[in-house]
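In: can't give you the sequence, but here's the structure:
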């Protein structure tokens, strides 16, 4: 499977223009769909881009850290609304929650104390925690979005304290190994691209050191390849239940906070969210000295873009804009085909009784069976998400999707046992179009 020639040519042009205008030693750009690499292109010669060459991920690492937090939450180790001091006793910033840390709404300042951690040898976890002070709280939680690398250092500390294992061991065992991401590593493994700062005046390259981030590793340590990141993009679109359930990935990709007044960028419980027109992309960007990275996924079409450069910064629009342009170009030119319709078995018993037309306040609703669930939607409003209900007991159904998630659908019956009405959160639906009660 590959892109159409014209679409591939356009994506290749995006990469070539970005590398040239941005003055990147090399730029790698890939399009993936359904775990397949549809198109790989690159520009530059230092080194020539290759799908199996490692680049440093930077903050894309945070999405793996967030995944492990959600795994342990699902396994009952803690709740997202636990206060930090419960797991890091004595910390002076313990009054914020794990949820706030994940979504960058904790009020924490962006960086830990000491020299700039990205360009210096990392400190131990004990040193990171010892250096914390109450003045690291820059503002009240949930008041504003404020990106914090320190927040993810502390989430890594929680992972280590709760499990007794290092973050590096956990990410290998819990994420990388199950997904077969063998070329995603804590430290660089050849072949890898050396990272550079490009001198603004003469264009010369200055190689950056490749330092161990220590206790800040959960915020930006990992190295990976286009081939491995294709697996990570596929996981965000179609999660592997052995790693994380679809429901939990959906939760992670639900907005916690918007980053701007136009609502074009936001943050979930780990992933960044970007709206382009009517589409929302999830993923994350990253930078470390000598490197920039971007991962964007359109979950409904299971299509993603991965972009790497080995320069600290990309002149002009930046790598995020390049990735957004490439993904939007592909989706506009080659939208994913809809899944084929397949006949379903005829509904039986109570499910069959409830299917058909229902009315509320002069408006018509359709109820259909989808497997063992009921799906209910107002007739003529295809743009509105339908309501889904799962049977809990005879004549009692629980909303699991749509506007009535969590609400109870109760079946009211006549004395002879026939279905008379449906009640959802005090709203009564009847078979009679003139019924207004």
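Out: Perfect, thanks for sending it. The model shown is predicted, which means the values in this text are computed figures rather than measured ones. Numbering: from 1, shown residues only.
In: quick one, strands of the stretch 51-200 of the chain?
Out: 55-56, 196-198 (DSSP state E, counting those that start in this stretch).
In: Including mean pLDDT, could those go into a markdown table?
Out: A markdown table is the format used below for the strands of the stretch 51-200 of the chain (pLDDT from 0 to 100):
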| stretch | mean pLDDT |
| --- | --- |
| strand 55-56 | 98 |
| strand 196-198 | 94 |
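In: Which one of the ones you listed lies nearest to residue 113?
Out: Comparison of those against residue 113 by C-beta to C-beta identifies strand 55-56 as nearest, at 23.6 Å. (Glycine included, C-beta is placed from N, CA and C.)
In: and the closest one, what does it pack onto?
Out: Here strand 55-56 touches strand 223-224, strand 291-298, going by 3 or more C-beta pairs under 8 Å, 6 or more residues apart in numbering; DSSP states H and E.
In: Which elements pack onto the shortest one?
Out: The one in question is strand 223-224. By 3+ C-beta pairs under 8 Å, 6+ apart, strand 223-224 packs against strand 55-56.
In: Mind listing residues that contact the strand it packs on?
Out: For strand 55-56, contacts defined as C-beta atoms under 8 Å, 6 or more residues apart in numbering pick out 28, 188, 192-193, 195, 210, 220, 222-225, 286, 288, 290-291, 293, 308-310.
In: in its sheet, what does that strand sit against?
Out: strand 223-224 (antiparallel) (DSSP bridges).
In: so the following helix or strand past the strand it pairs with versus strand 291-298, what angle?
Out: Beyond strand 223-224 on the C-terminal side, the first helix or strand identified by DSSP states H and E is helix 226-237. Computed with axes from the mean of the first three to the mean of the last three C-alpha atoms, to 10 degrees, the direction of helix 226-237 lies at 40 degrees from that of strand 291-298.
In: Distance from the chain centre to whatever helix or strand comes next after helix 226-237, please.
Out: Using DSSP H and E, the helix or strand that follows helix 226-237 in sequence is helix 246-252. The chain centroid and the centroid of helix 246-252 are separated by 9 Å under C-alpha atoms, centre = their mean, to the nearest Å.
In: Which elements pack onto helix 246-252?
Out: On a contact count with 3+ C-beta pairs under 8 Å, 6+ apart, helix 246-252 meets helix 61-74.
In: tell me which strands and helices the helix it packs on is in contact with?
Out: Helix 61-74 packs on helix 98-102, helix 149-163, helix 167-171, helix 217-220, helix 226-237, helix 246-252, strand 279-288, going by 3+ C-beta pairs under 8 Å, 6+ apart.
In: picking that back up, which one of the strands of the stretch 51-200 of the chain is the most hemmed in?
Out: Among the strands of the stretch 51-200 of the chain, strand 55-56 has the highest mean neighbour count (mean count of other C-beta atoms under 10 Å), at a mean of 28.
In: returning to what we had before: would you mind saying which of the strands of the stretch 51-200 of the chain lies nearest residue 431?
Out: Comparing the strands of the stretch 51-200 of the chain under C-beta to C-beta, the one sitting nearest is strand 55-56, at 61.4 Å.
In: Next, report how far the closest one is displaced from the centre of its chain.
Out: Using C-alpha atoms, centre = their mean, the mean C-alpha position of strand 55-56 is found 20 Å from that of the whole chain.
In: Return the members of the contacts of strand 55-56 classed as buried.
Out: Among those, those classed as buried by neighbour count (16 or more other C-beta atoms under 10 Å) are 28, 192-193, 195, 210, 220, 222-225, 286, 288, 290-291, 293, 308-310.
In: who wins for proximity to residue 418 among the helices and strands packed on helix 61-74?
Out: The nearest among these, by C-beta to C-beta, is helix 246-252 at 35.5 Å.
In: Give me the helices and strands touching the next helix or strand along the chain from that closest one, please.
Out: For helix 246-252, the following helix or strand on the C-terminal side (DSSP H and E) is strand 257-258. Packing partners of strand 257-258 (3+ C-beta pairs under 8 Å, 6+ apart): strand 265-267.
In: Grab the most central residue of this protein for me.
Out: residue 271 (3.6 Å; C-alpha atoms, centre = their mean).
In: does that one really touch residue 284, like I thought?
Out: Yes. Under the criterion of C-beta atoms under 8 Å, residue 271 is in contact with residue 284, at a separation of 6.0 Å.
In: and the helices and strands packed on helix 61-74, which is most packed in?
Out: By mean count of other C-beta under 10 Å, these have helix 217-220 as the most buried, with a mean of 26.
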